[in-house]
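*Asks:* Using only what follows, build the 3D model:
(4 chains)
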Protein chains: 2
Amino acid sequence: MLYALMEGRALTSTELALVAAVGPSTASAHLNRLKRERLVRVLIQGRHRYYSLYGAGVAGVLESLSVLAGRVGSGLQTRTPDHLRLARTCYDHIAGTLGVLLHDRLLAAEWISGGDASYEVTVKGTRALGALGIDVEETRRARRRFAFPCLDWSERRCHLGGAVGAALLEALLQRRWVTRERRERTLSVTTVGARELRARFGVVLGEEARRRGLG
Amino acid sequence: MLYALMEGRALTSTELALVAAVGPSTASAHLNRLKRERLVRVLIQGRHRYYSLYGAGVAGVLESLSVLAGRVGSGLQTRTPDHLRLARTCYDHIAGTLGVLLHDRLLAAEWISGGDASYEVTVKGTRALGALGIDVEETRRARRRFAFPCLDWSERRCHLGGAVGAALLEALLQRRWVTRERRERTLSVTTVGARELRARFGVVLGEEARRRGLG
DNA sequence: TGCACACTTCGTTTACCATCAAACTGTGCC
DNA sequence: GGCACAGTTTGATGGTAAACGAAGTGTGCA
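*Replies:* Purely as a prediction, here's the structure:
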């Protein structure tokens, strides 16, 4: 949860529960404790509770801890379960190997452009996404960040976040190119999905075909 | 155990068991885990196993954690041994009461200026430090942070970190105004040092004269 | 007014981890 | 060789904390 908050955005308790892959009641207990110990602060707005890191000090410690864990573990730090590494959701968009590959292809094909803090969707991209049933102009009107590079936890590279990323996930789910696993953030790529992703995006998930059987 | 090792001395597993108030077998289990995770290293000498922190990174994280906990814990935090409180090194610069006092004097005398994230050395400061044998321009070329306020673990106030801080410690050691204690991060102020620090910086370590005898 | 939603509180269960005693390994010393 | 010491390994035990479901509170929207 704390690392999720490192991105700077304030997250609701439900979102944090998803991130941590625990139930809402469990998340609530944890967040209460974190609040009591002054590691997070909470902003109540209507029926939402927005949690964020308490201050720069906390962020600093987390940063130094992660550096230590990274430098230290040498081998064993990337102990992310395989099913989560391959394809999963990050909030409401696609993360994991699949997310990163898609992101890179979108950039290479010039569907999106820019970088750093935010992306734009090109004319070419608008047309191509339209063909997938995504209305980019409508997406643009959502009251949230439009498109941005979101650092991938397991891959340490970027995938596509924001309203466009969410719309893309929606579209892939709609067409059943990917499906959600129950009670997990894990995504499965279907047989059709694997073919289409390869045809349309040039994305090949080598290990995917094998693993999908395992669930 | 880790905080006990923060003093710099290598401790045996029995000593660490005493510190943690657990049985030797429990301590052994914990130390094994810490070793596996590269938080401590062990040096086997005869039938003794000397444990010490794995590196500066670990010490840094512990330091920052304790600072954070200090803000948090409210009551019970300042149980720092006196010899460490007075004067010690923090990586390669001066910390403890002496470090904080020096820092405050440097600011007040306008040898350094700025604050927050980093300091500059003023013209006046460049001249004054030059008189101590410190070439500020050369220091500036070091590939590291130049000068910054470093939060002091025991004092909860800032001392001077970075290349300038390191150069200052070097200069004081060179002139034997302070000396290193064996196997510790503790620093001792010599008789000459006490006089000079008072004359040149207006720094008075009231308790120092008394304590220095104890070593 | 009523329902959906966000989130919390409560009570229970379960799994895990810390701890210890006892037995074992290895070193040093007489 | 034998004893004392330093430390580890093993197996058993108990306490605790993490997790969940169910029920409750409060907010927003139709």
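*Asks:* Next one: the spatially most central residue of chain A, what pLDDT does it get?
*Replies:* Within chain A, one residue has its C-alpha closest to the average C-alpha position: by CA atoms, centre = their mean, that is residue A:90, at 2.3 Å. The predicted structure scores residue A:90 at 73 on the pLDDT scale.
*Asks:* How about residue A:174: what's its closest non-neighbour residue?
*Replies:* residue A:133 (6.8 Å; CB to CB, 6 or more residues apart in numbering or on different chains). C-beta coordinates here come from the backbone N, C-alpha and C atoms, glycine included.
*Asks:* Surely that neighbour forms part of a helix?
*Replies:* No - following the definition DSSP: H, G, I helix; E, B strand; the rest coil, residue A:133 is coil and is not counted among the residues of a helix.
*Asks:* now the strands: where do they sit in chain A?
*Replies:* If DSSP state E is used as the criterion, the strands of chain A fall at A:11-12, A:40-45, A:48-53, A:88-90, A:93-95, A:112-115, A:118-121, A:148-151, A:158-161, A:178-180, A:187-189.
*Asks:* tell me how far the second one is from the chain's mean position?
*Replies:* In this case it means strand A:40-45. When C-alpha coordinates are averaged (CA atoms, centre = their mean, to the nearest Å), strand A:40-45 and its chain have centres 22 Å apart.
*Asks:* still on that earlier bit, most neighbours per residue, which of the strands of chain A?
*Replies:* Burial of the strands of chain A is given as mean neighbour count (mean count of other CB atoms under 10 Å in any protein chain shown); strand A:93-95 ranks first at a mean of 27.
*Asks:* Pairing partners for that strand, with directions?
*Replies:* The sheet places strand A:93-95 alongside strand A:88-90 (antiparallel), with pairing taken from DSSP bridges.
*Asks:* Quick check: which ranges of chain A have low pLDDT?
*Replies:* Applying pLDDT under 70 to the predicted model, the residue ranges of chain A that meet it are A:8-9, A:70-85, A:115-117, A:151-158, A:181-185, A:205-215.
*Asks:* Please list all residues in contact with residue A:51.
*Replies:* The contact partners of residue A:51, taken as CB atoms under 8 Å, 6 or more residues apart in numbering or on different chains, are A:1, A:5, A:10-13, A:16, A:31, A:34-35, A:40-43.
*Asks:* I misspoke; the intended subject was residue A:12.
*Replies:* Contacts of residue A:12 by CB under 8 Å, 6+ apart are A:48-51.
*Asks:* May I have the phi/psi pair for the nearest residue to residue A:176 once chain neighbours are set aside?
*Replies:* Of all residues not flanking residue A:176 in the chain, residue A:190 sits nearest, at 5.7 Å (CB to CB, 6+ apart). Taking degrees, to the nearest 10, you get phi -80, psi 170 for the backbone angles of residue A:190.
*Asks:* buried sites along the lengthiest helix in chain A?
*Replies:* The helix of greatest length in chain A, counted in residues with DSSP state H as the criterion, is given as helix A:56-73. Judged by neighbour count (16 or more other CB atoms under 10 Å in any protein chain shown), helix A:56-73 contains these buried residues: A:57-59, A:61-62, A:64-65, A:68, A:72.
*Asks:* Dump these into a markdown table; add distance to chain B as well.
*Replies:* Shown next, in a markdown table, are the buried residues of helix A:56-73 (distance: CB to the nearest CB, whole Å):
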| residue | distance to chain B |
| --- | --- |
| A:57 | 5 |
| A:58 | 7 |
| A:59 | 10 |
| A:61 | 5 |
| A:62 | 10 |
| A:64 | 5 |
| A:65 | 6 |
| A:68 | 5 |
| A:72 | 4 |
